[in-house]
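Enquirer: sequence plus the predicted model coming up.
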Amino acid sequence: MKETVNKNITLALSKGRIFEDTLPLLEEAGIKVSESPEKSRKLIIQTSDPNLRILILRASDVPTYVQYGAADLGIAGKDVLIEHSAQQPGGLYQPIDLNIARCRLAVAVRKDFNYKDVVKQGSRLRVATKYIQSTREHFAAKGVHIDLIKLYGSMELAPLVGLADAIVDVVSTGDTLKANGLVAVEDIMPISSRLVVNQASLKNRGVFLQPLLDAFSRATNLHE
Ligand code: PRT
Ligand code: MG
C-alpha cells in the first residue's frame, strides 16, 4: 500500500502582538489569514494556503504544543522559551530569531525603594515574577539572595501593596511601570520572538516546512 504523506502544517501563535507581527512574515510567503482571532474567537484559523492552519494559544502554551507535535511550528518570546525549557527540556528546534515583539526583561522597583543600597548591604530581596528561571539565574549570577514569589500577571501591583520589593517583567515602552510609580533598575536581557519547530516534523516533513522557514528568514532579514 502506498503511504500517504501528510502535507498539512500547523503553526501555533498567540493572539495580540505576536499574531499581528507574524502577519507580514506570512505575507512574505504569499499567505493570507482568513480571519482575525480577536474578532472571530476561533481557536483554529485557516489560511489562503489549504495546507497551513494556525492555532491560537496562550503565549506560554505555544512551546508545549510544538514540543508534543500538536503543532509543527510556533512563534514564542525568548522570555517564554527560557521558562518552558527549564520545565520541559528538549524537543524544540529554534532556527530563527524573527526579531518581532521586541522588549526587554528588567528588574523594577518602587521609585522610593533604594535598590542599590539593599543589594550592596546583602539583604534578602523579595522578587515577584512569572519568570522564575530567568530571575533565579540573574540574581544567582550577581550573588544576591532572593525570595521568589511566583505570579501569573499584573506583576506591577506587587511592590505597591508590599507583596515584593522588586519585580522582574518584560518592559516595552515603560509606560506601565511609569503609570504605577515603578522604575526599571536593571536590564536582564533583550527579548524577541523566535520560531520554534518540532524536531520530528522537521525530520519527517521538512520538505513541506522548508518554504515557510525560508520565507520567514527572508522576511526577517528584510525588516532588519
Ligand atoms: O497576556 P498573557 O498572560 O496571555 O501572556 P503574555 O503576556 O506572555 O503574552 P502576550 O501575548 O502579552 O506577549 C507575548 C510576548 O510578547 C511575550 O512573551 C514577550 O516576549 C513579548 N512582548 C513584547 C511583551 C511586551 N512586549 C510587553 N510589553 N509581552 C508583554 N508585555 C507586557 C508587560 O508584561 C507589561 O505588563 O506589557 C506591559 C508593559 O508594556 P509597556 O509598553 O508599558 O512597557
Ligand atoms: Mg500579556
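Expert: Noted; the coordinates are in hand. Ligands and ions are numbered 1, 2, ... in the order given.
Enquirer: so what's the residue count around D147?
Expert: When neighbours are defined as other Cβ atoms under 10 Å, D147 has 11 of them. Every C-beta, even on glycine, is put in place using the N, C-alpha and C of the backbone.
Enquirer: likewise for the one 10 residues further on?
Expert: Other residues near L157 come to 15 when the count uses other Cβ under 10 Å.
Enquirer: L11 now?
Expert: Applying other Cβ under 10 Å, I find that L11 has 23 neighbouring residues.
Enquirer: packing partners for the longest helix that the chain contains?
Expert: Longest helix of the chain, by residue count under DSSP state H: helix 199-223. Helix 199-223 sits against strand 9-14, helix 17-28, strand 73-77, strand 92-110, strand 182-198, with contacts defined as 3 or more Cβ pairs under 8 Å, 6 or more residues apart in numbering; DSSP states H and E.
Enquirer: give me the residue at the spatial middle of this structure.
Expert: Nearest residue to the geometric centre of the chain (Cα atoms, centre = their mean): G77, 2.1 Å.
Enquirer: now this protein against ligand 1: closest residue?
Expert: Per Cβ to the nearest ligand atom, G77 is where the chain lies closest to ligand 1, at 2.1 Å.
Enquirer: in this structure that residue contacts P190, no?
Expert: No. Judged on Cβ atoms under 8 Å, G77 makes no contact with P190 at a distance of 11.1 Å.
Enquirer: which neighbours do these two have in common?
Expert: C103 (Cβ atoms under 8 Å, 6 or more residues apart in numbering).
Enquirer: related to what we said a few turns ago, show me what the residue nearest to the centre of the chain is bridged to.
Expert: According to DSSP bridges, the partner residues bridging G77 are S193.
Enquirer: per-residue confidence at it?
Expert: G77 carries a pLDDT value of 98.
Enquirer: and the gap between it and L195?
Expert: With distances taken as Cβ to Cβ, to the nearest Å, G77 is found 12 Å from L195.
Enquirer: the residue lying closest to I45 once chain neighbours are set aside: neighbouring residues, count only.
Expert: Among residues not flanking I45 along the chain, I54 sits closest, at 4.4 Å (Cβ to Cβ, 6 or more residues apart in numbering). Burial of I54, expressed as a neighbour count using other Cβ under 10 Å, amounts to 26.
Enquirer: check the offset of the helix or strand hosting Q133 from the chain's centre.
Expert: Taking DSSP states H and E as the criterion, Q133 maps to helix 132-142. From the chain centre to the centre of helix 132-142 is a distance of 18 Å (Cα atoms, centre = their mean, to the nearest Å).
Enquirer: give the other helices and strands that it contacts.
Expert: If you count contacts as 3+ Cβ pairs under 8 Å, 6+ apart, helix 132-142 packs onto helix 78-87, strand 125-129, strand 146-150, strand 166-171, strand 182-198.
Enquirer: the fourth one - what's its average pLDDT?
Expert: Taken as a whole, strand 166-171 carries a mean pLDDT of 98.
Enquirer: do any residues in that strand lie close to ligand 1?
Expert: Yes. Using Cβ under 6 Å from any ligand atom, strand 166-171 comes into contact with ligand 1 via 169-171.
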